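K.L.:
coords below, sequence missing:
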Ligand code: UD1
């Protein structure tokens, strides 16, 4: 198992290219199941989750060519990948594959829409709460699907003539369930209105791609999405939007260490709330022609309270990183997690570096300390692990982050990007 060794204390200075968004790439790849033509995606990040989903799609009959070639390209940042699913080879998504990544459960929408049936294992993924799938199933049932749970699998069957458009209101905002409902509705008979839809930029990106494929989706980015069903979808070429979580993570890293970094190829409009929060904490952030410039020179880190919320609120996927930053603030901050009930596993690891954090229910009280000290720590989930890296960059001495396979799921070439900006970060393979 790989580990990452960090010698803390260096400021970050330079340029960090921001990759395509993992959380957009995954649903976009899954959308390739909706058509027999080729869906070409540009700017797909090279990540373990993307590779895992390619295996799952391959099992369903998707032919995948990276940069026009069939073999994998092991170097180079985000890639162009062609996905062609002439026929669905298998409507079952097995436990061995789905249990490794929660987003793979989302194949249920396209499989049901195109083939009229799907058998998909209940998911696994990061251990950040119970993460049920009730909203997905309720939404698909509203489109006429018959749903049965049997032996850890969801068996879903569409009515004879296909799914039927309907009006459905999600009782709770869910990104994944919005993606799935939107994809399923593209091929349904009639019009579907999805209320209380997730408004995340990744939902908009998927809607844009579906429309390029011939779907009729409107309202993505608002709480109400309308999908007029069509009989078939065609291929398209689509560029994955920049990763707002990666952007926010590196912005927080610079706020933590001090320095001056340009985050290239990203767009501040994707994470306004998080950037405003960082400004309050003392970072200077400006839009530049190539992306965002983040500077913190000399001034200290101010305590700021945050509450995670669905978009456009402060993202839960940046909560752990922001907590790392707040461990060095000049006062007390409160961080409240409202999306996932068990997303504080980084707290005890940050404490190993000297952070003072106390938990009470869904709220963490973080008392800033004047210094952190390097220590061995354990990565527990994707975003939590990168918070330990950020803390390690500012800690005195050596921090070793164990179980970095979590990081590889969501951060493309993290060590390289940080090293190029002056950090001392090294991957050690056992
Ligand atoms: C997506 C993101 C993840 C991010 C999360 C919230 C991807 C691959 N993952 O995850 O990085 O942290 O959005 O922004 O894009 N819920 C239910 N029933 C359901 C579905 C969800 O109760 O059927 C609950 C969840 O337990 C959670 C909340 O709804 O409390 C939000 O979950 P959801 O938006 O679905 O998260 P994901 O789509 O899994």
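P.N.:
Now that the structure is in, tell me what you want to look at. As the structure is a prediction and not an experimental result, all values here were calculated from the model.

K.L.:
the closest residue to the ligand within the stretch 151-300 of the chain: what's it in contact with?
P.N.:
Relative to the ligand, the nearest point of the stretch 151-300 of the chain is residue 176 (2.8 Å; CB to the nearest ligand atom). C-betas here are computed from N, CA, C, even on glycine. Going by CB atoms under 8 Å, 6 or more residues apart in numbering, residue 176 touches 102, 103, 105, 106, 136.

K.L.:
and the last one, helix, strand or coil?
P.N.:
Taken by DSSP: H, G, I helix; E, B strand; the rest coil, the conformation at residue 136 corresponds to helix.

K.L.:
just to revisit the earlier point, report the lowest-confidence entry in the contacts of residue 176.
P.N.:
Within the contacts of residue 176, pLDDT reaches its minimum at residue 102, with 88.

K.L.:
my guess is it meets residue 123, correct?
P.N.:
Yes. Look at residue 102 against residue 123 with CB atoms under 8 Å: they come within range, at 4.3 Å.

K.L.:
still on that earlier bit, scan the contacts of residue 176 and report the most crowded one.
P.N.:
Note: the member of the contacts of residue 176 with the most neighbours is residue 106, at 28 neighbours, neighbours being other CB atoms under 10 Å.

K.L.:
contact partners for that one?
P.N.:
Going by CB under 8 Å, 6+ apart, residue 106 touches 26, 27, 30, 176, 179, 180, 183.

K.L.:
which one of these is nearest residue 67?
P.N.:
residue 26 (19.2 Å; CB to CB).

K.L.:
what's the closest non-adjacent residue to that closest one?
P.N.:
What sits nearest to residue 26 in space, not counting adjacent residues and going by CB to CB, 6 or more residues apart in numbering, is residue 103, at 4.4 Å.

K.L.:
which secondary structure state is assigned to residue 25?
P.N.:
Look at residue 25: counting by three-state DSSP, its state is helix.

K.L.:
ok, it - how many residues close by?
P.N.:
Around residue 25 there are 27 residues (other CB under 10 Å).

K.L.:
measure it to residue 80 for me?
P.N.:
According to CB to CB, to the nearest Å, residue 25 stands 12 Å off from residue 80.

K.L.:
for those two, list the residues in contact with both.
P.N.:
Applying CB under 8 Å, 6+ apart, one finds that residue 25 and residue 80 are jointly contacted by 41, 44.

K.L.:
which is the next helix or strand following the helix or strand where residue 53 lies?
P.N.:
Using DSSP states H and E, the element containing residue 53 is helix 48-60. Of the helices and strands lying after helix 48-60 in sequence (DSSP H and E), the nearest is strand 63-66.

K.L.:
so after that following strand, what's the next helix or strand?
P.N.:
Per DSSP H and E, strand 63-66 leads on to strand 79-84 as the next helix or strand towards the C-terminus.

K.L.:
contacts for that following strand next, please.
P.N.:
With CB under 8 Å, 6+ apart as the criterion, strand 79-84 contacts 29, 32, 36-44, 46, 54, 57, 62-68, 73, 235.

K.L.:
would you mind listing what in the chain touches the ligand?
P.N.:
For the chain, the residues in contact with the ligand (CB under 6 Å from any ligand atom) are 23, 26, 102-103, 129, 131-136, 172, 174-177, 202, 316-317, 339-340.

K.L.:
let's go with 5 Å and repeat that
P.N.:
Residues of the chain lying near the ligand by CB under 5 Å from any ligand atom: 23, 103, 131-136, 174-176, 316-317.

K.L.:
surely residue 10 meets residue 418?
P.N.:
No. Applying CB under 8 Å, one finds residue 10 not in contact with residue 418, separated by 9.4 Å.

K.L.:
the two - which one has more neighbours?
P.N.:
Shown here are residue 10 and residue 418; by other CB under 10 Å, residue 418 has more neighbours (26 against 18).

K.L.:
could you find the closest non-adjacent residue to that one?
P.N.:
Residue nearest to residue 418 in three dimensions, not counting chain neighbours: residue 425, with 4.9 Å by CB to CB, 6+ apart.

K.L.:
contacting residues for that neighbour?
P.N.:
Residues counted as contacts of residue 425 (CB under 8 Å, 6+ apart) are 4, 5, 6, 389, 393, 414, 415, 418, 419.

K.L.:
just the ones in strands from those residues, please.
P.N.:
The strands, defined by DSSP state E, take in 4, 5, 6 from those.
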